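Asks: turn this into a structure:
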Amino acid sequence: MNHAAAVEHLRAQIGRNQVIADTIAVLEFKRRQRLDALQQWQRDRLDATYADLRGDPRYRPACEFFLDELYGGRDVLERDRQLKRVVPVMSRMLPTHLLRAVGDAVQLQAVSLEFDLAVADCLDESGELDQPAYAHAYRAQGDWEGREHQLVLIRKLGDLLDETVRRPMVHRLIRMMHGPAVMAGFGALQGFLRRGLDAFAHMHGADHFLDTIEQREHSALQAMRAGSDWPFSEWVGRGP
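Replies: Numbering: from 1, shown residues only. Model prediction:
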């Protein structure tokens, strides 16, 4: 991907996220309640599934960044507003591979939110949410190919961030941007980039972290597809 393609990729994913944000903003009350409940359950599920990684000081920052900010449905509307404003500045300041990483991060966020919306609409009206309810909704939604693509994006982005932190000049550039970014009104974006790169640098190699996510999420996906009502039981028992 050349520089112009990386910029266009980023713009496209920002637009995609804006469409999702606009959709969420006008959800009727019960649909929004189901989405909020699903996203909270998903965060709890991720906490439990990766409690071993969170408990290891080496991997805790990566869990907080990667699982919470990109995959767990956290509200990052303000960051995305800033991102849209500063694409022209970023395209001049950031190297191609880092622009691509930001575009991939925003894409993963969009895909995750789109899945949350679709699965939330398949939840039972009763409001009860546990592993069986989640698994039933996931099978009703049924986009197995899209889910596989989401997992590919997770690995691709993780590998790209791991590669980026091996270029210390890029990492230092993001850290040095803090003051100017805050003054220019895009501190949330700079903080997002810094937290991501700091977290991956802290691991000194992300293979175990990424392999663990890839293996567990694929295993749970296969279990749901095969009809299991307890796809996460290997790691969380009958919770969360």
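Asks: any idea of the pLDDT on residue 147?
Replies: Per-residue confidence for residue 147 comes out at a pLDDT of 90.
Asks: the spatially most central residue of the chain and residue 104, how far apart?
Replies: Most central in the chain under CA atoms, centre = their mean is residue 70, positioned 1.8 Å from the mean C-alpha point. Using CB to CB, to the nearest Å, one gets 9 Å for the distance from residue 70 to residue 104. (Glycine included, C-beta is placed from N, CA and C.)
Asks: now the common contact residues for those two.
Replies: Contact criterion CB atoms under 8 Å, 6 or more residues apart in numbering; residues bridging residue 70 and residue 104 by contacting each: residue 157.
Asks: OK, contacts around residue 70?
Replies: The neighbourhood of residue 70, defined by CB under 8 Å, 6+ apart, consists of 105, 108-109, 112, 154, 157.
Asks: show me the shaky parts of the protein.
Replies: 71-82, 127, 171, 176-189 (pLDDT under 70).
Asks: mind naming the longest helix for it?
Replies: Identified as the longest helix of the chain according to DSSP state H is helix 96-120.
Asks: which positions within it qualify as buried?
Replies: Across helix 96-120, burial judged by 16 or more other CB atoms under 10 Å covers 98-120.
Asks: which strand or helix spans residue 231?
Replies: Assigned by DSSP states H and E, residue 231 falls within no helix or strand.
Asks: surely it is in contact with residue 132?
Replies: No. With the criterion set as CB atoms under 8 Å, residue 231 and residue 132 do not qualify as a contacting pair; they are 9.5 Å apart.
Asks: more neighbours, these two?
Replies: Under the neighbour definition other CB atoms under 10 Å, residue 231 and residue 132 were set side by side, and residue 231 has more, 24 against 15.
Asks: so what's the more buried one up against?
Replies: For residue 231, counting by CB under 8 Å, 6+ apart, the contacting residues are 131, 135, 219-221, 223-224.
Asks: of those residues, which belong to helices?
Replies: Among these, the members falling in helices (DSSP H) are 131, 135, 219-221, 223-224.
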